[in-house]
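[1] everything below, folded, please.
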Amino acid sequence: MKKTLIILPAIILVLGLTMGKIIDDKMKNILLQLQINEADANGLIWTNCANSNFFIPNPKTLKALAKGERASVVESVAKYVKEYSATPEFLNKYKELRETKKPEPPEKPKTIDQMKEEQRKTFQDAIKNTEETKQKMPADQQSMFDDAIKQYKDQLKEIDNPENPMFSKDMENMYQQVYEQQMTDYNNKLAQWEKDYPENNPRLLIKTWVTKFLDETKDVDFSAETALDQNNKELFVKQEYERKSYLWKLCYRTGKEATEAGRSFAQKWLSEL
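    Alright, predicted model coming up:
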């Protein structure tokens, strides 16, 4: 098989080969030409899908494509990867991703008594540490610690002052209200998370990826003109095309046949998701 069979938008869309599954000679050649092993291909397909990216290694190998066989290669690769997306390996990666996206619940507010005890210990430790430090200093320098010790002791007394607003019932109620607002926000985020990442069902993730592929390749102008700039770099004559995505440009370079084969498969797959 020629070097140029390593293609295409479909590979970009769905390059993935499952470990433990026997791959045919065509797939082995694709991996060989892309200079990537099976395990790395698995990681790449997952990363692309999870992040809605379309990265492929060694894209320069796409410059010289063999016409005639492109569509069949696209279809076989796409079919293979569609099967991979239904494997336990893919599902396990999805479960891991899902957990990383799960929102964290807010911390419950402490009671006034708990806050008092925490503050009490803080000042008691401060007094103890300052007094120990004072005793280690020369006698003529020990008095410089007295003001700090007095301030700590005054603050310690204030903890049990019933007029202290920091430990009032109103303050406790305010903390509770803030917590309830945080819980409302958390529950909303949790509901959205369950919607965005259904349990044991990566279809929405795949659907987002396939949809992005179709959106970014719907208007590829295969008749677009290019020219070399002063640095001998090939650029599109139309500046708007230079602002197109990496995927759009790559589809342009791989050609209409390859792109249409990839889009045809993607549209059918999307209708099944």
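[2] what helices and strands are in contact with the helix or strand where residue 174 lies?
    Assigned by DSSP states H and E, residue 174 belongs to helix 169-196. Applying 3 or more Cβ pairs under 8 Å, 6 or more residues apart in numbering; DSSP states H and E, we find helix 169-196 packed against helix 112-136. Where C-beta positions appear, they are placed from N, C-alpha and C, glycine not excepted.
[3] that older thread, now the helix holding residue 174: average pLDDT?
    Confidence for helix 169-196, expressed as mean pLDDT, is 95.
[4] next SSE downstream of it?
    helix 203-217.
[5] relative to helix 169-196, how tilted is that following helix?
    70 degrees (axes from the mean of the first three to the mean of the last three Cα atoms, to 10 degrees).
[6] can you tell me what sits against helix 203-217?
    Helix 203-217 has contacts (Cβ atoms under 8 Å, 6 or more residues apart in numbering) with 9, 12-13, 48-50, 52, 54, 85, 94, 97, 196-198, 245, 247-248, 251, 259, 262-263, 266-267, 269-270, 273.
[7] list the buried residues for stretch 103-116?
    109, 115, 116 (16 or more other Cβ atoms under 10 Å).
[8] show me what counts as buried in stretch 236-243.
    For stretch 236-243, the neighbour count (16+ other Cβ under 10 Å) marks 236, 241 as buried.
[9] end to end on that stretch, go ahead and measure it.
    One end of stretch 236-243 sits 10 Å from the other (Cα to Cα, to the nearest Å).
[10] so how far is the helix holding residue 174 from its chain's centroid?
    25 Å (Cα atoms, centre = their mean, to the nearest Å).
[11] how near is residue 75 to residue 52?
    Counting by Cβ to Cβ, to the nearest Å, the gap from residue 75 to residue 52 is 23 Å.
[12] go on, residue 33?
    According to Cβ to Cβ, residue 33 and residue 52 sit 25 Å apart.
[13] pick out whichever of those two has more residues nearby.
    Neighbours were counted for residue 33 and for residue 52 using other Cβ atoms under 10 Å; residue 33 has more, 18 against 14.
[14] how much space separates the residue nearest the centre of the chain from residue 271?
    In the chain, the residue lying closest to the centroid (Cα atoms, centre = their mean) is residue 51, at 5.9 Å. Separation of residue 51 from residue 271 (Cβ to Cβ) stands at 24 Å.
[15] in this protein, which helix or strand is least confident?
    Using mean pLDDT, DSSP states H and E, the weakest-scoring helix or strand in the chain turns out to be helix 9-14, at a mean of 50.
[16] buried subset of the contacts of helix 203-217?
    Neighbour counting by 16+ other Cβ under 10 Å classes 9, 12-13, 48-50, 54, 85, 94, 97, 197, 247-248, 251, 259, 262-263, 266, 269 among the contacts of helix 203-217 as buried.
[17] low-confidence ranges in the protein?
    Residue ranges of the chain with pLDDT under 70: 1-24, 58-69.
[18] could you check how far residue 87 is from residue 53?
    Applying Cβ to Cβ to residue 87 and residue 53 gives a distance of 20 Å.
[19] also residue 150?
    62 Å.
[20] helix or strand: which one has residue 235?
    strand 234-236.
[21] that strand: what's the following helix or strand?
    helix 239-242.
[22] check the offset of that next one from the chain's centre.
    29 Å.
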